[in-house]
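A.B. asks: With the input below, show me the fold.
(2 chains)
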There are 2 protein chains.
Amino acid sequence: MMKYCFGVDLGGTTVKMGLFDLAGNVLDKWEIVTRKEENGMHILPDIAASIEDKIQEKKISKEEIKGVGIGVPGPVDNVGVVYKAANLGWGVFSVENVMSDILHLPIKAGNDANVAALGEMWKGGGQGHRNLVAVTLGTGVGGGIIIDGKILTGANGAGGEIGHIHVEDNETKLCGCGNTGCLEQYSSATGIVYIANTILDKTTKETVLRGKELSAKAVFDAVKEQDEVACEIAEIFGEYLGKALAAVAGVVNPEIFVIGGGVSKAGPILLDYIKKYYTKAVFHGSREAIFALATLGNDAGIFGAARLVLE
Amino acid sequence: MMKYCFGVDLGGTTVKMGLFDLAGNVLDKWEIVTRKEENGMHILPDIAASIEDKIQEKKISKEEIKGVGIGVPGPVDNVGVVYKAANLGWGVFSVENVMSDILHLPIKAGNDANVAALGEMWKGGGQGHRNLVAVTLGTGVGGGIIIDGKILTGANGAGGEIGHIHVEDNETKLCGCGNTGCLEQYSSATGIVYIANTILDKTTKETVLRGKELSAKAVFDAVKEQDEVACEIAEIFGEYLGKALAAVAGVVNPEIFVIGGGVSKAGPILLDYIKKYYTKAVFHGSREAIFALATLGNDAGIFGAARLVLE
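C.D. replies: Take a look at the predicted model:
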C-alpha cells in the first residue's frame, strides 16, 4: 500500500528534503549540500543516494512510496524537462527520466517557484483555494501560478515569471534577465534597497534610515515607526507591485495572492501597501481577491514537491 | 452513436448557431434574433426551440448529439454559472442547468471571448497549439487564454480580461469598466480613434487623416501609404498593446498570440507594430512566442462553443 512520498527542494547551495505521509504530514526533514562541480552532474545521484539511505533508515519498502517530487531552480516544462538551470550548471534534459533511471521510483519535477506555490496552496497561506498566485519577494521576485489546483507551466516553463514583467520605462539599469524596468528591480529585497538609495539621494528630510545599512527589513521597520521617508519608499514599492499584480489578476483572475520570501517578514503592513495600488488598478472582476502571507517559509518547496506526486 | 454537436454564440443582437460533426466540420449555420425583453428570459428557450427545429429538419436523433456549447457575453465560471451579462439583462444563474432542463442534452457554457479563443485553437489561427492567448481588437479589447488546451476561467470567470489591464497612469477619461488607463482605451478600434484624435490635435504635420472620418481602418490604410502621422499613431497603439501582451506572456508563457477582431483586418502590418514593443519588454522565456492573425472571423464563437462539448 502507498504510504509515503518525498519532496525535494533543489537550491543552489543546499538540497532540502522531506519524507511525507500521503496526508501531507512531514515525517522527517533533512538537507544535503548541492555539489555543483562538473556541471552539476552529481546532484541527482546525490539526492537519489540520500533518499535510498532514508528508505533504509526508516525501513520503508519502495512499494510503499508514491513517488519523489523535485523543485528545480530553472524553467521546467510539464513533462519534467528542465531548460537550463544556470546556477546548477545544468543544460536541457529530462529530470524525471534521469532521476527515475537512478531511483526506480515515479518522479515529478517542476520549477521551484511554481512548486513552492503548490506547497502554499496545499498546506500554507493558500489552503482551501485552487486558483492562486504566489509571489516570493526575496533577492529577486519569483512567481508561481496555480489554476484549478494545477501549476501553470506555460509553453516552455516560463509561466508565472512575474518578476520580469516590465513596469518602468525610465530605467537604465539592467535587470539580471537582460531587460530594463522589470518588477524585480523594485519589489525584491534588493529592489527596495535600490528605491531607498534613490530616495535618500534626492531628499533632505530627516529619516532613521540615513547612515544605516539599508535593507528591506530596515525600511519596513522604519515604516512601522512611521518614518516619513520609509513610508515614501514603501509607497513606491507598493505601487510597482500592486499595479503589476493587478495586471496578473487581469490575466488569471485568482482567488488569492500569497506573498512570501524574506521581504514578507515585514508582515501585514506590507500587504496594505500592495493592496492600495492593486485595488485602484485592477479590473472589478478580480477586486475581491484575497491577499495573504505565506506561512511555510523555506519549507514551501518540499511541501509542494511532495504534492506534485500526489496529483 | 454520437455524431453531432451544436455550437451557439450568444451575442447582444443575434445568436449565431452551428451544427457540427465531431471532427469540427460545419454542417449547417444559421442565426436567430436575441430577444432581450423581460431581462432576457426568452433567450435560452428561443435557442432551445431553434435547436429542436434543426434536429427535426435534419432528422437527427438526440442520442446522436454529444451536446450543445454556448458562448455567453459575460463572465462564466467553470461549472457554467454566468455572473451577470449586462447587455442581455441577465443576473446570476447556471446556464448549463437551465438549458439542459429545457433541451435534455448535455450543455457546456463559457465566456464568449474565451470560447472564441478555443475556436481559434481548434480550427483557426492557433491550430496545433495548446497554450494560446487570443486577443480580439474590436469595439473593446477582449481576451481568451487557453492553457494545455483548456480555457483559463479564473476564480469567477474574469480570466483573460486583458482589455482592462492598467497601462496608462496619465489618463483622466473613464473606461467602460470604471477605471482609467485600461488597455482597451488605446488598443481597440475606438482606442485607435482616440489616439488619432489626440495626435491630430497636437500636430500640424500633413496627413491624409485630417478631415477624414477617423477609424482604425483609415489609420492603418494610411500606415500602408506610409503616412507619417498614421505611423506615429500605430506606434503608440503598438507600444500599449505590445507591452501589455509582454506582461500577459510573463504570466502565462503562451506558444502563440492570435490577434482577431475588426482591427486585425489591417493584416500582418498590425502584428509588426505589436511585436516591436512586445519583444523589447518581454521576458526571454517568452520571446519566441508566435504572433498570428485569427482566421475564423465571426465564426470563432460557434467553433469554440462546439469544441466545449467535445472536451
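A.B. asks: Let me know the next secondary structure element after whichever strand or helix holds A:Ile199.
C.D. replies: Secondary-structure assignment from DSSP states H and E places A:Ile199 in helix A:189-202. Later in the chain than helix A:189-202, the nearest helix or strand by DSSP H and E is helix A:216-224.
A.B. asks: tell me the angle of that following helix relative to helix A:189-202?
C.D. replies: Relative orientation of helix A:216-224 and helix A:189-202, computed by axes from the mean of the first three to the mean of the last three Cα atoms, to 10 degrees: 60 degrees.
A.B. asks: what sits up against helix A:216-224?
C.D. replies: If you take Cβ atoms under 8 Å, 6 or more residues apart in numbering or on different chains as the criterion, helix A:216-224 is touched by A:137, A:189, A:192-193, A:196, A:207-209, A:212, A:229-231, A:233-234, A:262-263, A:265-266, A:269-270. To be clear about C-beta, it is placed using only N, CA and C from the backbone, and glycine gets the same treatment.
A.B. asks: Now with 6 Å, please.
C.D. replies: Helix A:216-224 has contacts (Cβ atoms under 6 Å, 6 or more residues apart in numbering or on different chains) with A:Ala189, A:Ile192, A:Ala196, A:Val208, A:Leu209, A:Lys212, A:Ala230, A:Cys231, A:Ile233, A:Ala234, A:Val263, A:Ala266.
A.B. asks: Tell me the one among those nearest to A:Glu311.
C.D. replies: The nearest member of these to A:Glu311, counting by Cβ to Cβ, is A:Val263 at 30.0 Å.
A.B. asks: which SS state does that closest one fall under?
C.D. replies: For A:Val263, the secondary-structure state derived from DSSP: H, G, I helix; E, B strand; the rest coil is helix.
A.B. asks: what about the nearest residue to it once chain neighbours are set aside, distance to chain B?
C.D. replies: Spatially, and ignoring its direct neighbours in sequence, A:Val263 is nearest to A:Leu137 (3.6 Å; Cβ to Cβ, 6 or more residues apart in numbering or on different chains). Noted for A:Leu137: a distance of 16 Å to chain B, by Cβ to the nearest Cβ, to the nearest Å.
A.B. asks: on that earlier part again, so what touches the helix holding A:Ile199?
C.D. replies: So helix A:189-202 is contacted by A:Thr139, A:Gln185, A:Tyr186, A:Leu214, A:Ala216, A:Val219, A:Glu232, A:Ile233, A:Ile236, A:Phe237, A:Gly262, A:Val263 (Cβ under 6 Å, 6+ apart).
A.B. asks: from the residues you listed, which would you call buried?
C.D. replies: Burial by neighbour count, judged by 16 or more other Cβ atoms under 10 Å in any protein chain shown, picks out A:Gln185, A:Tyr186, A:Leu214, A:Ala216, A:Val219, A:Glu232, A:Ile233, A:Ile236, A:Phe237, A:Gly262, A:Val263 from the contacts of helix A:189-202.
A.B. asks: Please name every helix or strand in contact with the helix or strand harbouring the first one.
C.D. replies: Meaning A:Gln185. When elements are assigned from DSSP H and E, A:Gln185 belongs to helix A:184-187. Under the contact definition 3 or more Cβ pairs under 6 Å, 6 or more residues apart in numbering or on different chains; DSSP states H and E, helix A:184-187 sits against helix A:228-252.
A.B. asks: quick one: buried residues of the helix it packs on?
C.D. replies: Neighbour-count burial for helix A:228-252, counted by 16+ other Cβ under 10 Å, picks out A:229-252.
A.B. asks: and the residues you listed near chain B, which?
C.D. replies: Restricting those to those touching chain B (Cβ under 6 Å from any Cβ of the partner chain) yields A:Ala246, A:Ala247, A:Val248, A:Gly250, A:Val251, A:Val252.
A.B. asks: Was I right to think the second one contacts B:Ile165?
C.D. replies: Yes. Here A:Ala247 reaches B:Ile165: they are 4.8 Å apart, a contact under Cβ atoms under 6 Å.
A.B. asks: so what's in contact with the two at the same time?
C.D. replies: Counting by Cβ under 6 Å, 6+ apart, A:Ala247 and B:Ile165 have no common neighbour.
A.B. asks: Could you tell me how far A:Glu184 is located from chain B?
C.D. replies: Going from A:Glu184 to chain B by Cβ to the nearest Cβ gives 10 Å.
A.B. asks: And the lowest-mean-pLDDT helix or strand in chain A, what's buried?
C.D. replies: For chain A, the helix or strand with the lowest mean confidence is strand A:81-85, at a mean of 88 (criterion: mean pLDDT, DSSP states H and E). Across strand A:81-85, burial judged by 16+ other Cβ under 10 Å covers A:Val81, A:Val82, A:Tyr83, A:Ala85.
A.B. asks: which non-adjacent residue is nearest the first one?
C.D. replies: It stands for A:Val81. Going by Cβ to Cβ, 6+ apart, A:Val81 has A:Ser94 as its nearest residue, at 4.9 Å.
A.B. asks: Run a quick neighbour tally on the one you found.
C.D. replies: Neighbouring residues of A:Ser94 were enumerated by other Cβ atoms under 10 Å in any protein chain shown; the total is 17.
A.B. asks: Distance check, it against chain B.
C.D. replies: A:Ser94 is 18 Å from chain B, where distance means Cβ to the nearest Cβ.
A.B. asks: Touching, that residue and A:Val79? I think so.
C.D. replies: No. Checked against Cβ under 6 Å, the pair A:Ser94 and A:Val79 is beyond contact range at 7.2 Å.
A.B. asks: Please name the residues that touch A:Cys231.
C.D. replies: For A:Cys231, the contacting residues are A:Val223, by Cβ under 6 Å, 6+ apart.
A.B. asks: secondary structure class for A:Ala49?
C.D. replies: Recorded secondary structure, A:Ala49: helix (three-state DSSP).
A.B. asks: Let's see stretch A:66-74 as CSV, backbone CA atoms only.
C.D. replies: Extracted in CSV, the C-alpha atoms of stretch A:66-74 (Å, rounded to 0.1, in the frame of the first residue of the first chain):
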residue,chain,number,x,y,z
LYS,A,66,4.1,7.0,-4.3
GLY,A,67,7.0,9.0,-5.7
VAL,A,68,9.5,11.7,-5.4
GLY,A,69,8.8,15.4,-6.4
ILE,A,70,11.6,17.8,-7.1
GLY,A,71,11.6,21.5,-7.4
VAL,A,72,14.3,22.8,-9.7
PRO,A,73,15.7,26.3,-9.9
GLY,A,74,15.1,26.8,-13.6
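A.B. asks: neighbouring contacts of it?
C.D. replies: Stretch A:66-74 is contacted by residues A:2, A:5-10, A:82, A:84-85, A:105-110, A:112, A:115, A:301, A:305-306, A:308-309 when judged by Cβ under 6 Å, 6+ apart.
A.B. asks: from the residues you listed, which would you call buried?
C.D. replies: For those, buried by 16+ other Cβ under 10 Å: A:5-10, A:82, A:85, A:105, A:107-110, A:112, A:115, A:301, A:305-306, A:308-309.
A.B. asks: out of those, which are inside helices?
C.D. replies: Among the buried ones among the contacts of stretch A:66-74, the members found in helices (DSSP state H) are A:Asp112, A:Val115, A:Gly301, A:Ala305, A:Ala306, A:Leu308.
A.B. asks: Can you list the low-confidence ranges for the stretch 51-200 of chain A?
C.D. replies: Low-confidence segments of the stretch 51-200 of chain A (pLDDT under 70): none present.
A.B. asks: That one: strands as residue ranges?
C.D. replies: Assigned by DSSP state E, counting those that start in this stretch, the strands in the stretch 51-200 of chain A fall at A:65-72, A:81-85, A:90-94, A:107-111, A:132-137, A:141-147, A:150-151.
A.B. asks: Can you give me the distance of the residue most central in space within chain A to A:Glu161?
C.D. replies: Closest to where the C-alpha atoms of chain A average out (Cα atoms, centre = their mean) is A:Ala113, at 3.5 Å. Separation of A:Ala113 from A:Glu161 (Cβ to Cβ, to the nearest Å): 8 Å.
A.B. asks: Tell me how many other residues crowd A:Glu57.
C.D. replies: Neighbour tally, A:Glu57, other Cβ under 10 Å: 10.
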